[in-house]
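Novice: I'll drop the sequence and a predicted model, then ask my questions.
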Amino acid sequence: MTATKPFLRALAGETITPPPFWLMRQAGRYLPEYRATRTQAGSFLDLCYNPELAVEVTLQPLRRYGFDAAILFSDILVVPDGLGQGVAFKEGEGPVLTPIRSARDLDGLDISGLHDRMAPVYATVAGLSKAIPATTALIGFSGAPWTVATYMIEGGGSKDFSQAKKLMWAEPETFARLMELLIEATGQYLIRQIDAGAEAIQIFDTWAGALPETEFRKWVIEPARRLVERIHSERPGIPVIGFPRGAGILYEAYVTETKVDGVSLDSSVPLDWAARVLQPKCTVQGNLDPILLVAGGDALDAGIDRVLNALGKGPFIFNLGHGIIPPTPPENVARLTQRVKAFKG
Ligand code: CP3
């Protein structure tokens, strides 16, 4: 079947004017209605595992802004939770996990309970595929193995990833075993999302840019290549967007070697380089600096125009270079929406 939804047509390589658009973290704390539903749900993980409320918060930004894609409301850290590692989101602190630092810690994880634990996530995807407008596409997602591994090893967020890198270099067999577990779990998890109704997949490798070239090739490119290959062969026709944030010039190798259908660009990627080097190989997505959405005004308008003019002449999906942050005024998102929709090419 040929895609009719603009977002899916763009991922199939069509140039669409104005381009389809959605925003990373489009559901979240910058919206008062999100904060209300979040209070009703209890903890953040309770919200992720409550299909009715997770569907509701996914739909909230679509009602306001009419985005071309909905992204499943969940988190990349539900996978470690489903593998049996304790995960909690502490108010004002971010995620906290019991760190995996040895082969023995790793023995405590297993994949056998993953799909039971993820059943509410699959139910959210199924609910969304019925609830979203006919022209809106549904994106499923996961974290990439490296980024998820950093949270699992560090026990939460980190500035320098010293524990994760230390395990990678000092105990390469243990680290490789963790990565194999994550590649397999992530592959199964994404296939289940597709079977529940996800029409495209995005793989978030938020901390890809922390790795030197050799390790980037081994632990960012190679796992993504295997995940893309698995999805393309087991569920043909489902496009995959990769987001190797901070990859710099390695974005080119990432695109060529993983065979992603689309690549999400962080805000540091030069637009003329992306248009010349990446866009002939795959659809590009991005890359407005999310802080421009906080700043607003002329700077926001000029930033939007720069991205549209540079990338809007080829296969392109407008987005940010990273997620919306909580202090973003919702009216600035409305301003962005109008400006993108008014683009004439
Ligand atoms: O709208 C969407 O984009 C879908 C939902 C989504 C969330 N997290 C919701 C969320 C998606 C796609 C993610 C991905 C995610 N989660 C990433 C990769 C993308 C990125 O932003 O880099 C990462 C690294 C995480 C891990 C994570 N989740 C952290 C570090 C935090 C705490 C920091 C913060 O912003 O609070 C979260 C929590 C989280 N995930 C929130 C939301 C809406 C805020 C939780 C709350 O409501 O209290």
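Specialist: Noted; the coordinates are in hand. Owing to the predicted nature of the structure, the values given are computational and were not obtained by experimental measurement.

Novice: Any stretches of this protein with poor pLDDT?
Specialist: 1-2 (pLDDT under 70).

Novice: Please list all residues in contact with the residue most central in space within the chain.
Specialist: By CA atoms, centre = their mean, the chain has its centre lying nearest to residue 204, at 4.0 Å. With contact set as CB atoms under 8 Å, 6 or more residues apart in numbering, residue 204 has these partners: 76, 141, 142, 143, 144, 147, 243, 245. C-beta coordinates here come from the backbone N, C-alpha and C atoms, glycine included.

Novice: Identify the bridge partners of the closest residue to residue 269 other than its chain neighbours.
Specialist: Nearest residue to residue 269 in three dimensions, chain neighbours excluded: residue 287, at 5.8 Å (CB to CB, 6 or more residues apart in numbering). With beta bridges defined as DSSP bridges, residue 287 has these partners: residue 319.

Novice: So residue 287 versus the ligand, what's the distance?
Specialist: Distance, residue 287 to the ligand, using CB to the nearest ligand atom, to the nearest Å: 14 Å.

Novice: Then residue 140?
Specialist: Relative to the ligand, and taking CB to the nearest ligand atom, residue 140 is found at 10 Å.

Novice: what helix or strand is that residue on?
Specialist: strand 137-143 (DSSP states H and E).

Novice: Would you pull up how far that strand lies from the middle of the chain?
Specialist: A distance of 7 Å separates the centroid of the chain from that of strand 137-143, by CA atoms, centre = their mean, to the nearest Å.

Novice: Repeat that for stretch 113-127.
Specialist: On the basis of CA atoms, centre = their mean, stretch 113-127 sits 18 Å off its chain's mean C-alpha point.

Novice: got the end-to-end distance for it?
Specialist: One end of stretch 113-127 to the other measures 22 Å (CA to CA, to the nearest Å).

Novice: Just the residues contacting it, thanks.
Specialist: Residues outside stretch 113-127 that contact it (CB under 8 Å, 6+ apart): 48-52, 54-55, 58, 72-74, 78-79, 81-84, 138, 140, 185, 188-189, 192-193, 195-198.

Novice: Any of those buried? List them.
Specialist: Buried subset of those (neighbour count, 16 or more other CB atoms under 10 Å): 48-51, 54-55, 58, 72-74, 78-79, 81-83, 138, 140, 185, 188-189, 192-193, 196-198.
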